[in-house]
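>>> Sequence and predicted model, in that order:
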Amino acid sequence: MPIATPIRTVRTARSSIATWLTRRYLSRLRRKGTSLDLSALSKLPEPALLPLRRDGLDPVPEIGALRDREPVSRLPVPAVPVWLVTGYDEAKEVLGDARAFSNDFAHLVGTNGVAEHHEPGGLGFADPPDHTRLRRLLTPEFTMRRLTRLTPLIHSIIEERLDALAAAADADGRVDLVEHFALPVPALVICELLGVPYGERDAFQQFSVARFDVLGGLGASFGAISQSREYLRGVIEQQRREPGDGLLGMIIREHGDDVTDEELTGLADGVLTGGLETTASMLALGTLIMLQDHTHFTAIREAEDPAAVATPFVDELLRHLTVVQTAFPRFAREATVIGGKTISPGDIVIVSLSAADRDKRLGPDMDAFDPSRPPASSHLAFGYGIHRCVGAELGRMELRAAFPLLVERFPALRLAVEPQDLEFRKLSIVYGVDSLPVHLK
């Protein structure tokens, strides 16, 4: 069979790469607690950290009470006026108004150790017209028509990682689902999407968590972004010399010198930021929800059409978990009234996506997980407005494919620890669990 050897070679390469880069990533993650500078946190009053606090999978009750009482409120942050938006309607109003609110990174320079060279570039910290021009470079590759061609590849990667999950289990079938499945799946999908050469992927996955962890302060987070961008610059240089078939090669072939290396680096970093840690957290926490309530697990496993059951399950999962807890900070350009509060020019506005997606104005009992509920009119798990995640449909595709294949392969899947013994991330913009021990049999 002439194609068998190349296919086996690619699968072996993927398996080796996924194992190596995941170990690097987790090793770095597990060491980070010993070297963090907590001085930034010591200056913040406890209420200022409310948007990043959770009780297990749920936002803490205090933020829900605040949302119901005062959907726009002042955060007690010294020296600078900071507003917290927790209401759904108010959140959409802020996120949807790029005229009144700016995302420009320049507003952060000089605060909490953030310097100009920390600028991450990309879409998240850009305003129109730059944002409009850069987003147009990415949009064609993220249409459903273009993404459909990735479906066989996504399924292949998931199947390979399920094989690896089984191979990594001990004699009792115990294995860490985060290390061997939830992290490698989105990492390898992004590598394929960007066109990162196999030889470069051993360094790819380690750059994501630190940028979202505020324990070390903003300076530490942006330092991690700088390291990520330094690596990606090398990838861009290689793609300039030999454009590949992935997203970066496509942009280079179609736009040439009209897009700079720095802009390409920012875009690539944005794809890494938006697609790795977020999807990995969704896979891990979504599995946890299934294993805590086997009703959902059984519904997908026994369905005649698992994909049809997985679609509302994933949509509700996105709303309920909203793992990206807050949106990029907004900076008021002009005096604006939101939720009855006057926000002055220069004020910082933080939108709590997780609180907004539990707003009772969306429907009854929004703190409950219920895939049978009518879909929320427009949940904010992917943001809203011009900064809505460009890769939202890719993330949905990965989740809708992964859960049915996982429960089909391992029908006896169960937690290997008590839920209360899991270690959830503390004060991280992207919420998640660092390890999810499971039994496969």
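On my side now, so go ahead. The structure displayed is predicted, hence computed values, not measured ones. Residues are numbered from 1 along each chain as shown.
>>> count of neighbours near G266?
Look at G266: counted by other Cβ atoms under 10 Å, it has 23 neighbours. To be clear about C-beta, it is placed using only N, CA and C from the backbone, and glycine gets the same treatment.
>>> do the same with Q239
Neighbours of Q239 using other Cβ under 10 Å come to 25.
>>> Now stretch 294-311: buried residues?
Residues of stretch 294-311 classed as buried: 296-297, 299-301, 306, 309-311 (neighbour count, 16 or more other Cβ atoms under 10 Å).
>>> Under the pLDDT cut-off, which ranges of the stretch 251-400 of the chain? List them.
Low-confidence segments of the stretch 251-400 of the chain, defined by pLDDT under 70: 376-377.
>>> where exactly do the strands run in it?
Secondary structure of the stretch 251-400 of the chain (DSSP state E, counting those that start in this stretch): strands at 330-332, 336-338, 341-343, 348-351.
>>> Show me what the longest one pairs with in its sheet, parallel or antiparallel.
Strand pairing for strand 348-351, using DSSP bridges, gives strand 82-85 (parallel), strand 330-332 (antiparallel).
>>> OK, contacts around the most centrally placed residue in the chain?
Nearest to the geometric centre of the chain sits T278, at 2.1 Å (Cα atoms, centre = their mean). The neighbourhood of T278, defined by Cβ atoms under 8 Å, 6 or more residues apart in numbering, consists of 186, 323-324, 395, 430.
>>> which among those residues gets closest to V60?
V60 has its nearest neighbour among those in V323, at 15.6 Å by Cβ to Cβ.
>>> now that closest one, nearest residue through space, not along the chain?
Of all residues not flanking V323 in the chain, S281 sits nearest, at 4.4 Å (Cβ to Cβ, 6 or more residues apart in numbering).
>>> ok, that neighbour - how many residues close by?
S281 - counted by other Cβ under 10 Å - has 24 other residues nearby.
>>> measure P437 to S354 for me?
Distance of P437 to S354, given as Cβ to Cβ, to the nearest Å: 25 Å.
>>> Those two: which is more packed in?
Taking other Cβ under 10 Å, P437 and S354 do not tie; S354 has more neighbours (25 against 15).
>>> which residues does the nearest residue to Q420 once chain neighbours are set aside contact?
Nearest residue to Q420 in three dimensions, chain neighbours excluded: G56, at 8.0 Å (Cβ to Cβ, 6+ apart). Contacts for G56 (Cβ under 8 Å, 6+ apart) come out as 419-420, 424.
>>> quick one on the thing from earlier: farthest-separated two in the contacts of T278?
Based on Cβ to Cβ, the longest span within the contacts of T278 runs between P186 and V324 and measures 14.0 Å.
>>> Count the residues that sit near P45.
11.
>>> before we move on, what about the one 5 residues further on?
Other residues within reach of L50, judged by other Cβ under 10 Å, total 20.
>>> same deal with the one 10 residues further on?
Counted with other Cβ under 10 Å, residues neighbouring V60 total 16.
>>> Please report the distance of it from G286.
Applying Cβ to Cβ to V60 and G286 gives a distance of 21 Å.
>>> Kindly report the same for H379.
Taken as Cβ to Cβ, the span from H379 to G286 is 15 Å.
>>> swap in E316?
According to Cβ to Cβ, E316 and G286 sit 10 Å apart.
>>> how distant is stretch 330-344 from the center of its chain?
Relative to the chain's own centre, stretch 330-344 is displaced by 28 Å; criterion: Cα atoms, centre = their mean, to the nearest Å.
>>> residues of that stretch that come out buried?
Going by 16+ other Cβ under 10 Å, stretch 330-344 has these buried residues: 330-333, 336, 338-339, 341, 343.
>>> who's more crowded, H379 and G286?
It is G286, of H379 and G286, that has more neighbours when counted by other Cβ under 10 Å, with 23 against 19.
>>> which residue packs closest to that one, ignoring adjacent ones?
G286's closest residue in space is L317 (Cβ to Cβ, 6+ apart), at 5.0 Å.
>>> Just list the residues touching the one you found, thanks.
With the criterion set at Cβ under 8 Å, 6+ apart, L317 makes contact with 282, 285-286, 289, 369, 371, 399.
>>> Of those residues, which belong to helices?
Mapping these onto helices (DSSP state H) picks out 282, 285-286, 289, 399.
>>> Please render those as TSV that adds distance to I158 to the earlier fields.
Below are the ones in helices among the contacts of L317 laid out as TSV (distance: Cβ to Cβ, whole Å):
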residue	distance to I158
M282	14
L285	17
G286	14
I289	19
L399	10
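>>> Verify the contact between P371 and D293 for me.
No: in this structure P371 lies outside contact range of D293 using Cβ atoms under 8 Å: 10.6 Å.
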